[in-house]
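>>> Quick one, what's the 3D model for this:
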Amino acid sequence: MKAIRRFTVRPVLPEPLAPLQELARNLRWSWHAGTRDLFAAVDPERWTACDGDPMRLLGSVPPARLAELAADEAFLARLSEVADDLRGYLHDDRWYQTRAQQSAPGELPSAVAYFSPEFGVTAALPQYSGGLGILAGDHLKAASDLGVPLIGVGLLYRHGYFRQSLSRDGWQQETYPVIDPNELPLGLLRESDGTPAHVGIALPGGQRLLARVWLAQVGRVPLLMLDSDVEENGAHEREVTDRLYGGGSEHRLLQEMLLGIGGVRAVRAYCRITGHPAPEVFHTNEGHAGFLGVERIAELATQGLDFDSALEAVRAGTVFTTHTPVPAGIDRFDRELLARHFGHDAELPGIDVQQILGLGMETYPGGDPNVFNMAVMGLRLAQRANGVSTLHGAVSRKMFSGLWPGFDPEEVPITSVTNGVHAPTWVAPEVFRLGARQMGERRTEDALSVGGSDRWDAVGEIPDRDIWDLRRTLRGRLVEEVRARLAASWRQRGAGAAELGWIDGVLDPDVLTIGFARRVPSYKRLTLMLRDPDRLMRLLLDEERPVQIVVAGKAHPADDGGKRLVQELVRFTDDPRVRHRIVFLPDYGMAMAQKLYPGCDIWLNNPLRPLEACGTSGMKAALNGCLNLSVLDGWWDEWFAPDFGWAIPTADGTATDEHRRDDLEAAALYDLLERRVAPRFYEQGRDGLPDRWIEMVRQTLTHLGPKVLAGRMVREYVEKLYAPAARADRALNPDAARELAAWKARVRAAWPRVAVDHVEASAATAELGATLALHVRVALGDLAPDDVDVQAVAGRVDAEDSIAEAVTVPLKPVAGPDETGRWSYEGPLALDRTGPYGYTVRILPTHRLLTSAAEAGLVTVPSEAVGEGAGVLMR
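Residues are numbered from 1 along each chain as shown. Down below sits the predicted model:
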């Protein structure tokens, strides 16, 4: 018989155990080993049965056991120590506070609001689908460790993301569990009178979408999660926050309006209620939260700023991070759908709908002018933007170059901050203990969380035997985990106990183990390893140097192509000839990943280059001594070295078709496994150990370890993006914002009459070390020399006369205006390199409040006729 209503009865802890509630409600337990060990000591069997979730544990421990612990002096002393450690962590100065004390007053922002559609903090708070959410969770945790005053903002999905299982024939099946916030480590944001705080957005037809705000405490960082499942809403509105990445276009639009607009309102409510400093910087993690900028424009409009001035003020303090080099991964909405939800009788009626539409329309060559693009809006609303690896930054500059016409992709104002991972979350306890034994627990904690060093030299002193024993222990733990999960999966697929005896022989703790786990879009090529199934089978069954492979991954529920890839792989793993050597584990998530990364010897990644923005799973594996075998894409393109992994050659020439490319790259993968990877793993040195493999593990930890940390990543965000954004936000006070907006309007109106009329160069000889004297005549229309920069751009040229490795040289006004209104500019151009060489001249707008030459999106270069004349050297 089913219950007609479900609710949670919270435990009442004896007074001496009250700190357990405080510890359970702060998600720092998810990455702090001492806190987890304390909860495990409450009831080891129940702790395991509760999947390491303190809230579930405390709700299941019998009163008699609680009374026993309340009288256990040793346990209470331990509880007091852990609780004191948490309080010190929350209130003591950390990296950010030290950095602020060493900097000029106001150098760092008082607070940063960080918006993301998903957050993967812990498996006990299932509000993530994949890498974007895990990255966001790691960002919050690293910010907490560093003391960065961050406020996280997201949605609370009542069904989270789907749970994956398999049918008997290997087809992916989805189920959506019901999530009760009262069973999660959450609390409601409440007004001073105790009533829940609400935020809302207006809907067409005079309707309203309300949401309450749940608060998760991620160490020092509050995470605000908006929930539309409130009684005041109608049935349709209550379902807005039902599923992560579910529903049709209007459903997604409402989610993103609630996240962006409602999220800003939730931040304002939180700061008002708690006294937390108001954010000076707003960071949107992908385009889903882009409407936060529109809400902030509306806020400033109520303070007397016009739209253009408010836009400049908002841009100054906004950071936008793009995570996808795949256009299909960007949310795009029909302009009519968007127009219906804004303006009169809808949200933000004080702003002209056309002004809102103008922020996201694809008004560039190759774009669709009837589509509203969330990434385009994110870039137009942010003065600072970044990709998530060096290669991805370059790909993004090219991908979005249409927004800055006339500029080479290298000058598009999108920088990069390479992702990192939160080591205390992802490093296995056994790895941590080995490090602590070598250099002490506190130093190990600081090295993993704060970072700051370029190398972990102490790893070099760990004996080979200790490293190898650790690797075998972790491999053995993974074998146990795989067998348990595989048995559960087969039972879900309808197998009886009598059919599953073979699972006890699945995998071998002494065999080279390869891991491959990620989402399953086509570009990640889940089935590349199956390109030549006979060759793969020989690798798996080699009598002297076998390999075994553990695969996991979810296809999007609407992606039948991805589901077919999963089914193809599952059918191969079901083959009785190889099923003891290759397995597919359904329902990939954080809990599985924390066992999978440490237990693998090789982490495989074979995307279509350059479509992997970063690919942080390999980073997590590396922190546990796992070696990477990957296409040179994402972070691996940036940091690969043969000392600690292998690069899969790519066949990405334009003349190679998709199928041929897969054939070539799969063959290269097989070759590496057969000739390089497996021999290195199985060869033994003088002590009977694979000393060359162990040295690669050591090099991975020593050199890659400090680079892949989320602490390094967040420090870069603070120094490269947050601090400059905060300074710009303060500089763009209302008067400055009006000044900048008026100047941009004046420049745009005058720009059609700006031209390079004549270019002349003179030199005694065109040889290395000589100097060209440039003489340029320009028309500025209604602008003055203070409004523009006139530059020479020079460098090597290719067969099409395109300039590479360009350098810019400022030219100075020397006369003007003449009777025709022209100005004369001059400057020297040093010939500092040999070979084919060229230059051009350009005019750019300039203002002290611009952050880059390309920000205004305006540039003038010589016409073809002028350019032809400029090629003549006057002697």
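
>>> And the strands in the stretch 701-850 of the chain, which stretches?
Counting by DSSP state E, counting those that start in this stretch, the stretch 701-850 of the chain has these strands, from start to end: 755-762, 771-779, 788-797, 803-815, 822-830, 837-845.

>>> Now do the SS call for the nearest residue to Val199 once chain neighbours are set aside.
Sequence neighbours aside, Arg265 is the residue nearest to Val199 in space, at 4.1 Å (criterion: C-beta to C-beta, 6 or more residues apart in numbering). Bear in mind the C-beta positions are built from the backbone N, C-alpha and C, glycine included. Here Arg265 is recorded as helix under DSSP: H, G, I helix; E, B strand; the rest coil.

>>> residue contacts, Arg265?
Counting by C-beta atoms under 8 Å, 6 or more residues apart in numbering, Arg265 touches Val199, Gly200, Glu295.

>>> Looks like the first one contacts Ala211 (just checking).
Think Val199. Yes. Val199 is within contact range of Ala211, at 5.6 Å (criterion: C-beta atoms under 8 Å).

>>> and stretch 309-328, how far apart are its ends?
Here the two ends of stretch 309-328 are set 33 Å apart, with distance taken as C-alpha to C-alpha, to the nearest Å.

>>> try stretch 749-763
Across stretch 749-763, the terminal residues are separated by 38 Å (C-alpha to C-alpha).

>>> sorry, back to before: what touches both of Val199 and Ala211?
Common contact partners of Val199 and Ala211 (C-beta under 8 Å, 6+ apart): Leu226, Gly262, Ala266.

>>> one step back: what confidence value was assigned to the residue nearest to Val199?
pLDDT recorded at Arg265 is 98.

>>> any idea how far it is from Thr851?
Applying C-beta to C-beta, to the nearest Å, the value for Arg265 to Thr851 is 28 Å.

>>> can you check Arg564 too?
Counting by C-beta to C-beta, the gap from Arg564 to Thr851 is 46 Å.

>>> His236 too?
Shown here: His236 relative to Thr851, a distance of 42 Å by C-beta to C-beta.

>>> Help me confirm that Ser110 comes into contact with Pro277.
Yes. Contact criterion C-beta under 8 Å: Ser110 and Pro277 qualify, at 4.1 Å.

>>> Could you name every residue contacting both of those two?
Residues touching both Ser110 and Pro277 by C-beta under 8 Å, 6+ apart: Pro149.

>>> Where is the longest helix in this protein?
Scanning the chain for the longest helix, with DSSP state H as the assignment, gives helix 464-492.

>>> What helices and strands are in contact with that helix?
strand 163-166, helix 429-439, strand 582-585, helix 590-599, helix 691-699 (3 or more C-beta pairs under 8 Å, 6 or more residues apart in numbering; DSSP states H and E).

>>> Same question for it: list its buried residues.
For helix 464-492, burial by neighbour count (16 or more other C-beta atoms under 10 Å) applies to 464, 467-468, 470-471, 474-475, 477-479, 481-483, 485-487, 489-490.

>>> if we can go back for a sec, return the distance of the residue nearest to Val199 relative to Leu210.
Counting by C-beta to C-beta, the separation of Arg265 from Leu210 is 11 Å.

>>> what residues are shared contacts of those two?
Looking at what touches both Arg265 and Leu210 (by C-beta under 8 Å, 6+ apart), the common residues are Val199, Gly200.

>>> Where does pLDDT dip in this structure?
Applying pLDDT under 70 to the chain flags residues 1-2, 4-10, 654-655, 764, 864-875.

>>> Apply 50 and report the result again.
Residues of the chain meeting the criterion pLDDT under 50: 868-875.

>>> follow-up on the earlier one: looking at Val199 and Ala211, which is more packed in?
Ala211 (29 against 23; other C-beta atoms under 10 Å).

>>> That one falls within a helix, correct?
No. Counting by three-state DSSP, Ala211 is not found in a helix; it is strand.

>>> Surely it touches Leu224?
No. Contact criterion C-beta under 8 Å: Ala211 and Leu224 do not qualify, at 10.3 Å.

>>> Next, show the common contact partners of those two.
By C-beta under 8 Å, 6+ apart, the residues touching both Ala211 and Leu224 are Ala266.

>>> so what's the nearest residue to Gly206 once chain neighbours are set aside up against?
Of all residues not flanking Gly206 in the chain, Asp345 sits nearest, at 6.5 Å (C-beta to C-beta, 6+ apart). Asp345 makes contacts with Pro204, Gly205, Gly206, as judged by C-beta under 8 Å, 6+ apart.

>>> How about Arg676?
Arg676 makes contacts with Trp646, as judged by C-beta under 8 Å, 6+ apart.

>>> contacting residues around Val427?
By C-beta under 8 Å, 6+ apart, the neighbours of Val427 are Leu448, Pro598, Leu623, Asn624.

>>> So it versus Gly618, what's the distance?
To Gly618, Val427 is 14 Å away according to C-beta to C-beta.

>>> cool, Ala113 as well?
Relative to Gly618, and taking C-beta to C-beta, Ala113 is found at 30 Å.

>>> swap in Tyr597?
Counting by C-beta to C-beta, the separation of Tyr597 from Gly618 is 9 Å.

>>> Then His288?
Distance of His288 to Gly618, given as C-beta to C-beta: 25 Å.

>>> Then Ile297?
Applying C-beta to C-beta, the value for Ile297 to Gly618 is 40 Å.

>>> And Pro196, by the same measure?
Counting by C-beta to C-beta, the gap from Pro196 to Gly618 is 42 Å.

>>> Look at the two and report which has more neighbours.
Using other C-beta under 10 Å as the criterion, Pro196 and Gly618 rank with Gly618 on top: 28 against 13.

>>> for the stretch 251-400 of the chain, what spans make up the strands?
Applying DSSP E, counting those that start in this stretch to the stretch 251-400 of the chain gives strands spanning 281-285, 318-321, 332-334, 371-373, 384-387.

>>> just the strands in the stretch 1-150 of the chain please.
Under the criterion DSSP E, counting those that start in this stretch, the stretch 1-150 of the chain carries strands at the ranges 112-115, 150-155.

>>> need those strands in CSV with distance to Ala83 and mean neighbour count, can you?
Formatted as CSV, these follow (distance: least, C-beta to C-beta, whole Å; neighbours: other C-beta atoms under 10 Å):
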stretch, distance to Ala83, mean neighbour count
strand 112-115, 28, 27
strand 150-155, 24, 29
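
>>> Same list, these, but as TSV with distance to Met529 please.
What follows is the strands of the stretch 1-150 of the chain, written out as TSV (distance: least, C-beta to C-beta, whole Å):
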stretch	distance to Met529
strand 112-115	37
strand 150-155	35
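
>>> Just tell me which of the ones you listed ends up closest to Trp502.
strand 150-155 (43.0 Å; C-beta to C-beta).

>>> tilt between the closest one and strand 281-285?
Going by axes from the mean of the first three to the mean of the last three C-alpha atoms, to 10 degrees, strand 150-155 is angled at 40 degrees with respect to strand 281-285.

>>> quick one: strands adjacent to strand 150-155?
With DSSP bridges as the test, strand 150-155 is paired with strand 112-115 (parallel), strand 221-227 (parallel).

>>> Could I get those in JSON lines, plus columns for distance to Arg661?
Shown next, in JSON lines, are the strands paired with strand 150-155 (distance: least, C-beta to C-beta, whole Å):
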{"stretch": "strand 112-115", "distance to Arg661": "37"}
{"stretch": "strand 221-227", "distance to Arg661": "42"}
